[in-house]
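Asks: next come a sequence and a model predicted from it.
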Amino acid sequence: MKKVIYLSGDHAGFKLKEKIKKFLEKKNFVIEDFGPVDYNKKDDYPDFVIPMSRAVKKKKNFGIIFAGSGEGEAIAVNKLKGIRASVYHGKNLKILKATREDNDANILCIGARFVSENEAKKAVQIFLKTKFSDGRHSKRLKKFERLGS
């Protein structure tokens with residue numbers, strides 16, 4: 001069975017989302033795009049990222065958000081219990097391994113204004129293939145989960 005990846009974002013990340021969508025499809029991932037599905041400078045990212053995050057939580061798949069900075073999107077989705085979103089602005093790819101290994105991040109927010117297409121491709125690949133290391137980090141995640149109670 002092919003792995004499903006959820007995508008969403010805003011107008012500032014729309015072009016990059018579309019490029020990465022094609023890239024992931026060539027890698028045999030099934031993509032569910034929560035939008036935006038066309039460029040609209042007046043879109044409102046919560047309309048796309050919140051439903052995507054709920055699907056991530058329910059189905060236990062990964063989500064990737066493409067937005068101008070990714071910061072507002074991460075703030076919004078991290079308010080949902082069970083969501084652990086991390087932001088990537090480029091350069092150091094090691095942070096992506098850490099966010100997966102240590103924090104079991106399930107959503108990657110890419111700041112499209114700061115990341116090239118090639119950087120985004122590398123970032124997505126690292127994010128998707130890095131496993132959670134479990135161990136002492138599981139205890140911390142349980143503490144995170146209690147915060148939403």
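Replies: Happy to help now that I have it.
Asks: the strand or helix carrying F23 - contacts with which helices or strands?
Replies: In this assignment (DSSP states H and E), F23 forms part of helix 14-26. When contacts are defined as 3 or more C-beta pairs under 8 Å, 6 or more residues apart in numbering; DSSP states H and E, helix 14-26 packs onto strand 4-9, strand 30-33, strand 62-67, helix 117-129. From N, CA and C alone the C-beta is placed, and that goes for glycine too.
Asks: so which of the ones you listed gets nearest N40?
Replies: Proximity to N40 (C-beta to C-beta) singles out strand 4-9 among the helices and strands packed on helix 14-26, at 11.8 Å.
Asks: which of the helices and strands packed on helix 14-26 is buried the deepest?
Replies: Among the helices and strands packed on helix 14-26, ranked by average contacts under mean count of other C-beta atoms under 10 Å, first place goes to strand 62-67 (a mean of 27).
Asks: helices or strands up against that strand?
Replies: strand 4-9, helix 14-26, helix 46-59, helix 71-77, strand 107-111, helix 117-129.
Asks: which stretch among those comes nearest K91?
Replies: Nearest of those (C-beta to C-beta): helix 117-129, 7.9 Å.
Asks: from H89, how far out is the residue lying closest to N61 once chain neighbours are set aside?
Replies: Among residues not flanking N61 along the chain, V4 sits closest, at 4.8 Å (C-beta to C-beta, 6 or more residues apart in numbering). According to C-beta to C-beta, to the nearest Å, V4 stands 26 Å off from H89.
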